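1. what shape does this take:
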Amino acid sequence: MKQYILLCIIFISGNAFAQSFYQLENTIIPDDGSSITFEMSVSGLPDVIDPSFGLETVCFNINHTWTSDLDITLISPDGSSFVLVTGVGWGEVNFENTCLNDYADQFISEGFGPYTGVWKPTGDMGVVNNGQNPNGIWKLLIYDTYAFADIGELIDWTITFGDEPAAPFAFTTTNLPIIKINSNGATIVNEPKVEADFFIIDNGIGAENNAADTIYAYQGKVLVELQGFTGPYYPKKNYDFDLIDDLGIEIDTMLLGLPVENDFILKAEYLDYSLIKNAITYEMARRMGRYAPRTKYCELMVNGEYMGVFSLTEKIKRDENRVDIAELKPEDISGEELTGGYIFEINENFSPNDWESDYLPINFATNGLPVAYKMVYPRIEEIQTEQLDYIVAYVDSFEDALYGPDFLDEATGYRNYISVKSFVDFMLVNEFSANYDSYGRSTFLYKDKNSEINIGPAWDYDRAYAPWTVAGWVWEITHPAWPFPFWWSKLREDEEWRNEVYCRYTNLRSTVLTDDAFDVFIDSVSTYIHDGAERNFEKWPELGVTDYDYFVEELRTFVHDRLEWMDVALVPDFVGAPDATFNVELVTYLTHAFTPVTTGATYLWDFGDGTTSTEENPIHTYAAEGNYVINLTVNQYYGCIGNSSQSYQIVASTNDNLLSLISVHPNPVINSLTIELPQDITVQEVLIYNTQGELINAPVNYATAVINVDMQHIAAGAYLIKVKSDNAVINFPIVKL
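-> Have a look, this model is predicted:
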């Protein structure tokens, strides 16, 4: 066995008041996804440790073949804990005579294996110097975060107390809500979730919140675990938690004003030096009319240690306030019930895939990976075989249709399988944010019953808005490691898709996605979290952020430049405003038919009398004569807008006056229709037309004042009766039963 000299004892030997405790272990660190706890009994110390006398140094020797896999935590007798080491190095080997002391010159994350010497720990060592009695059991908890890959063992460890102890991070008050999680000595790992106490201190907007407060806006229990693919390897970690009652049963409630639910995530925003990127992206997606997770800023304490600014975030799940789709029950294995709802994701995270695309990704040359699909709801371990087969087959059918030569076919093409508008919006969100962590990862999709595939909600933008990514389409340049589906390049071959992208973006650019809209959001949020943000980067100095405002302005500049680039890049796809002119035709009396010049769009008619219609060819009856200004707005290709108005005089014509004198009954009719005429009107002809304009019947006996029209042999449906008199044609719409 390799022998080590404990340099940390030499380091503290000049301190006359120091006392060290040493334990030999020579114990294997498990590599099966579980953690291991080593215990050391401490005695003979003063019964209080605080910033005047307390924990100074922790040393250990560990053999391990991949140091970044290890999370090492020290737990004090009262349950307070802090992280000594997490995710340091990459393929570095071993910790040899490694000591952690708050007054070292460098953080251990700045070093290289085998990390010999004295380093600053990852976490706040001073959190244990909180006035507790140090005499008792201290624990060293080691967790190998990447199971079944690398091996190691703890040789020995030492803890030292003295009169130059670490001082706890100074956190007392804040304008942000405070969330506290206390796992009572349990390790918070990737999975499974562990039970913890959960508290929120929130005195309301504009009020001060004190970390020492014991009056809580919410108090209860949670099941909590680490969240994310790469997140658990960072010093500042994400947390996924479920609210539970004392029996461990999930409960729904409102947290910080977010809609009632039980599933939430505390996002660390560790790689986002503005702390705003997720929040601003989700906000803009919601303004575009799409659901995106709502967020609330807070400051977090875990097991007594201040952790910085976090965003309490809605977890993506099926819920009427989140992804609002039908519940898919285990018994829903056929018919209409089988068709929804499903939530699944494209997410290459090197874990087993639930299924894979039959088509190579755009960037297969750089990653050699298939497009990876994973079930979100129902989870893969819960979904029925028939349900998984259905959603896989549906996605395959979409991809087959899009990939094939007839992908534009009206009956069999790709548009029959997806909500194209959702795809347009998803692409625009990922592009204005230049999110290279999307398309091949963190891409959610869902399908409701009897519905197409929708893409979204937007998710995971902490690596977006990088200042060097102003130019170029993300879907086209691609991330070299994440497999992007072929969809986005093939969609560009559809002229209508290009029109929709141009029109939607141009419309949003003048409303939702203006420079001012982004500026106002950035200013308001950065001002609100400013003091907390400065504390956050003081807590995590290894990030090197000493000027928070610089990164806020960097984000602002990027947004302006990126949107300007998109403005120019879409010029070749220019689509003009649609022709919104229209024709008006008298139907009968005060009723008129309205016909737009542009067909196949969406419409908003304003008839000038306080009523509107969204039909393409509406028929409208006015209550009285008068001059009305009629307005039509035409929306073509999801955002190109045309508008026109014309003044129209509604008058009671000869037709209208005659109409008031003629009686046509019964209506609806079954066998015989009766037309009663005043004595001074001579009818020349009565004609019956179907809704396709085809002549159905032409009665010939008009000599009497009462005309009977035989309807027995006419099929049920809607018809138009034209009564031709000496000087007018009067139209009567009827229904044949």
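2. correct me, but T469 touches A434?
-> Yes - using Cβ atoms under 8 Å, T469 makes contact with A434 at a distance of 4.1 Å. C-beta: built from backbone N, CA, C; applies to glycine.
3. out of the two, which sits in the busier spot?
-> The residue with more neighbours, out of T469 and A434, is A434; 26 against 18, by other Cβ atoms under 10 Å.
4. ok, now which ones touch the more buried one?
-> Counting by Cβ atoms under 8 Å, 6 or more residues apart in numbering, A434 touches A464, Y465, A466, T469, V470, V474, F558, R562.
5. repeat for I734
-> Contact analysis of I734 by Cβ under 8 Å, 6+ apart lists V664, N667, P668, V669, L673, A718, Y719, L720, I721.
6. what helix or strand is I137 located in?
-> strand 136-144 (DSSP states H and E).
7. which stretches in the stretch 601-737 of the chain count as helices?
-> Listed in chain order, the helices of the stretch 601-737 of the chain (DSSP state H, counting those that start in this stretch) span 654-659.
8. same check, this time on the chain
-> Under the criterion DSSP state H, the chain contains helices at 7-11, 277-287, 364-367, 385-403, 420-432, 474-477, 487-491, 495-509, 515-539, 548-569, 654-659.
9. buried stuff in the second one?
-> When burial is assessed from 16 or more other Cβ atoms under 10 Å, helix 277-287 yields the following buried residues: K277, N278, A279, I280, T281, Y282, E283, M284, A285, R286.
10. for the third one, give its distance to F537.
-> Distance of A279 to F537, computed by Cβ to Cβ, to the nearest Å: 17 Å.
11. now, of the contacts of I734, which are buried?
-> For the contacts of I734, buried by 16+ other Cβ under 10 Å: V664, V669, L673, Y719, L720, I721.
12. next up, the contacts around the fourth one.
-> For Y719, the contacting residues are I688, Y689, N690, T691, I696, P733, I734, V735, K736, taking Cβ under 8 Å, 6+ apart as the criterion.
13. bridging residues for it?
-> N690, I734 (DSSP bridges).
14. max pairwise distance over the contacts of A434: which two?
-> V474 and F558 (13.6 Å; Cβ to Cβ).
15. quick one, phi psi at the residue nearest to L328 when sequence neighbours are not counted?
-> Nearest residue to L328 in three dimensions, chain neighbours excluded: G341, at 5.5 Å (Cβ to Cβ, 6 or more residues apart in numbering). Backbone torsions of G341, given as degrees, to the nearest 10, read phi -100, psi 150.
16. what about G341, neighbour count?
-> Residues near G341, counting by other Cβ under 10 Å, number 20.
17. ditto for V735
-> V735 - counted by other Cβ under 10 Å - has 11 other residues nearby.
18. now swap in Q384 and tell me
-> Q384 has 16 neighbours, counted by other Cβ under 10 Å.
19. what do you get for the one 4 residues further on?
-> By the measure other Cβ under 10 Å, the count of residues near L388 is 17.
20. from Y603, how far out is I650?
-> Noted for I650: a distance of 21 Å to Y603, by Cβ to Cβ.
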